[in-house]
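# Quick check, what structure comes out for this input:
(one chain, ligands or ions: 1)
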Amino acid sequence: MKKSLPPIGLALAAALLASPLTAPAADPALPHLATRHGVRQLIVDGQPFLMLAGELHNSSTSSREYMRPIWPQLAQRNLNTVLAVITWELIEPQEGHFDFTTVDDTLAGARQNHLRLVLLWFGSWKNGESSYQPAWVKADPRRFPWAKDRTGRTLNLLSTFGDATRDADVRAFAALMRHLREVDGQAHTVLAMQVENEVGVLGDSRDHTAAANAAFAQPVPPALMRQLVRHKAALAPELSRVWAANGCQTAGTWEEVFGPGRPDGVTPLAQLTPAEKDTLWRRFDWPVDEIFMAWRYSTYINRVAAAGKAEYNLPCYCNTWLQQPGTPRPGDFPSGCPEPEVHDIWRAGAPDIDLLAPDIYIPEFTEVCGRYTRNGNALFIPEAAANPENALTAILKYNAICFSPFGIEGRGGVGRDTAPGANGTPPPDPLSQTYALLNYLAPVILENQGRGTMVQLAPMDDTNAPPQEVKLGGYTLHLTPGAGLPGGGRRGGGGRLAGPVPPVTNAPPVRLVINSGPGEFVIVGGPMRVSITADQPERGGVVLGSFDEAMYANGRWVAGRRLNGDETSDNRNWPVLGSYGIYRYSVFQRQ
Ligand code: DGJ
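Sure thing, here's the model as predicted:
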């Protein structure tokens, strides 16, 4: 069946704008997202905020005693934000009777240690399955139905086709947000909410309950079709290809518009060899099943998020179990999760979800960052391995709002246990050191995001690293790795990190060049040799005006030592940066 929608007239366009697909405006007094210089930033108490975070293990915040020694350790490790779980089963043990003890304990622990929070709502789903709903939900499958696979087997997850489940989840989340407004509406300890956790159908590529099968045989909802038509030119390429392959129809059943679903008789995941799994990932197999479930989950979750925001309007996001070699097909990974190929479906179904977030445990870190920054989606990484180099890439290259290794307490992150240090203090770990530097530099980084004035440098600590050239503000900086530069009084620099920032020992340091004004460059890095040429040499040779150790304080650069004379060979040549530090150059052209 090929049909096309009538052209969207003015009346319809106005109706669309006023439809539930339009999210409410953010409240500037509360933590909110704003776009500055084309980059979306989190604004907290009027200032951009960079979340240097870690996510706790799932069960940690259920016990105040368990958390008591952990909070100060997280602060000592230079986190400024903690991602912490709040569960439906603990806040609504009896229907309609709420107990916010775990919320209040979590707030108290964070506040006592000057930490901010992102709360993760474990409601109807967690990792595709359903185990955090209260016993009164678990015990009543008639009222709160479970999903089924194609053979009629009940899956371990609540069906999105349970309106009563959705409404109960809506009420619980709204109650949580109302409580947060009452107890945190002034302090702003909580900066954002994750709504559910890694949702999607596991065990089949879509839900096969009778209600799901009936909906699947129906036309694609016009609200979704309209959004796809409206954003046709900007859709994710994977979705565009699927739509085009099926004739770009603008009406029809799900399979008419997006092609056939998963056939019967597909080899189960457990019987695939690693090589077979490898060939399957990065494919968009049986897209209709994933698209159908993405619409179901996004519209369900939007009801939950919207009800919560109506009580207390904090930014909301959903996180993703990524398609990966070990779980390559929908149903192996949770089908309907906000995978990049279905972001447009999520945007249409869940306008109250501000961000679609990846949990990145695979080595293809930058590829994932790239796919999660398409179409204006800001990068928020709620779960990852504790890899400081990845934290730098996410924040400096992809303008991430949040970087947050999973299982942060007692461990440096997934897969890396750290022995407790002397006197119960955690040993310095690379991520903590990187966070210390990022904390110090965060105002500068946030100030320069999106302005084309900041360039991240590749690692230069190794003498074998290649030289780099950075073009900024009409000049080119030529940077040559300088490990092993000769010491002595004539060595330039001696720059050091000022203030409370600890020295970097075993962490990859932050390396940046910032064009902080006309003819003015701040370099965070070293040791290295630096020379500067002009992009228009006919205007004269480049002369070094001044060379300072630099610090950033109260929103501006301030000079440390003015380096000249013995420290820089009287500036006859370009001074060498003898050690890691922050340096400021001012240069001009002279005929
Ligand atoms: C991803 C989930 O979202 C987390 O809650 C946790 O279960 C981790 N996996 C475990 O690695």
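
# Spell out which parts of the stretch 1-150 of the chain neighbour the ligand.
58, 127 (C-beta under 6 Å from any ligand atom). Where you see a C-beta, it was placed from the backbone N, CA and C, and this is true even at glycine.

# low-confidence ranges in the stretch 1-150 of the chain?
1-24 (pLDDT under 70).

# ok, Trp121 - contacts?
By C-beta atoms under 8 Å, 6 or more residues apart in numbering, Trp121 lies in contact with 86, 88, 173, 176, 193-197, 304.

# Mind picking the one among these that's closest to Asp359?
Nearest to Asp359 out of these is Asn197 (C-beta to C-beta; 9.2 Å).

# Report how many residues lie close to the closest one.
For Asn197, the count of nearby residues is 25 (other C-beta atoms under 10 Å).

# Domain boundaries for this protein, per the record?
Per the record, the chain has its domains at 10-419, 454-590, by automatic domain parsing.

# Near the ligand, which residues of this protein are found?
Near the ligand, when you scan the chain using C-beta under 6 Å from any ligand atom, you find 58, 127, 197-198, 359, 383, 406, 414.

# can you tell me which two in those are farthest apart?
The span of the residues of the chain next to the ligand, defined through C-beta to C-beta, is set by Asn197 and Val414 at 15.6 Å.

# quick one: stretch 539-548 to chain centroid distance?
How far stretch 539-548 lies from its chain's middle: 40 Å, per C-alpha atoms, centre = their mean, to the nearest Å.

# just the CA coordinates of the longest strand seen in the chain, formatted as CSV?
As assigned by DSSP state E, the longest strand anywhere in the chain is strand 541-553. Backbone C-alpha positions of strand 541-553 (Å, rounded to 0.1, in the frame of the first residue of the first chain) are rendered in CSV as follows:
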residue,chain,number,x,y,z
GLY,A,541,57.8,38.4,11.1
VAL,A,542,56.4,37.0,14.3
VAL,A,543,57.8,38.5,17.4
LEU,A,544,57.4,37.2,21.0
GLY,A,545,55.8,39.9,23.1
SER,A,546,55.7,38.1,26.4
PHE,A,547,55.8,34.6,27.8
ASP,A,548,54.2,33.8,31.2
GLU,A,549,53.4,31.0,33.4
ALA,A,550,49.6,31.2,33.5
MET,A,551,46.8,30.3,35.8
TYR,A,552,43.1,30.5,35.4
ALA,A,553,41.3,32.1,38.3
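
# Output the contacting helices and strands for it.
Using 3 or more C-beta pairs under 8 Å, 6 or more residues apart in numbering; DSSP states H and E as the contact definition, the elements that strand 541-553 packs against are helix 430-448, strand 528-534, strand 556-562, strand 581-590.

# Go through the contacts of Trp121 and name the one nearest Glu255.
Of these, the one sitting nearest to Glu255 (C-beta to C-beta) turns out to be Glu196, at 27.1 Å.

# Report the secondary structure state of the closest one.
Following DSSP: H, G, I helix; E, B strand; the rest coil, we place Glu196 in the strand state.

# please begin residue numbering at 740 from this point
That works, and once the first residue is 740, the last one we named lands at Glu935.

# For the ligand, see how far away Ile1084 is.
According to C-beta to the nearest ligand atom, to the nearest Å, Ile1084 and the ligand sit 21 Å apart.

# Could you list the residues in contact with stretch 1098-1108?
Residues from elsewhere that reach stretch 1098-1108, judged by C-beta under 8 Å, 6+ apart: 937, 1058-1061, 1063-1064, 1097, 1118, 1120-1124, 1126, 1129, 1132-1133, 1136-1137, 1139, 1145, 1153.

# got the buried residues for stretch 813-822?
By neighbour count with 16 or more other C-beta atoms under 10 Å, stretch 813-822 contains the buried residues 813-814, 816-822.

# Show me the residues you listed that map onto helices.
Members of the buried residues of stretch 813-822 lying in helices (criterion: DSSP state H): 813-814.

# ok, so of the buried residues of stretch 813-822, who is nearest the ligand?
The closest of these to the ligand turns out to be Leu822 (C-beta to the nearest ligand atom; 9.8 Å).

# any idea how far Pro1121 is from the closest one?
Going from Leu822 to Pro1121 by C-beta to C-beta, to the nearest Å gives 6 Å.

# do the same with Thr928
Distance from Thr928 to Pro1121, by C-beta to C-beta: 17 Å.

# Tell me which of those two has more neighbours.
Pro1121 (28 against 20).

# what phi and what psi does the backbone show at the more buried one?
The phi and psi values for Pro1121, taken as degrees, to the nearest 10, are phi -80, psi -20.

# Perfect, that will be all.
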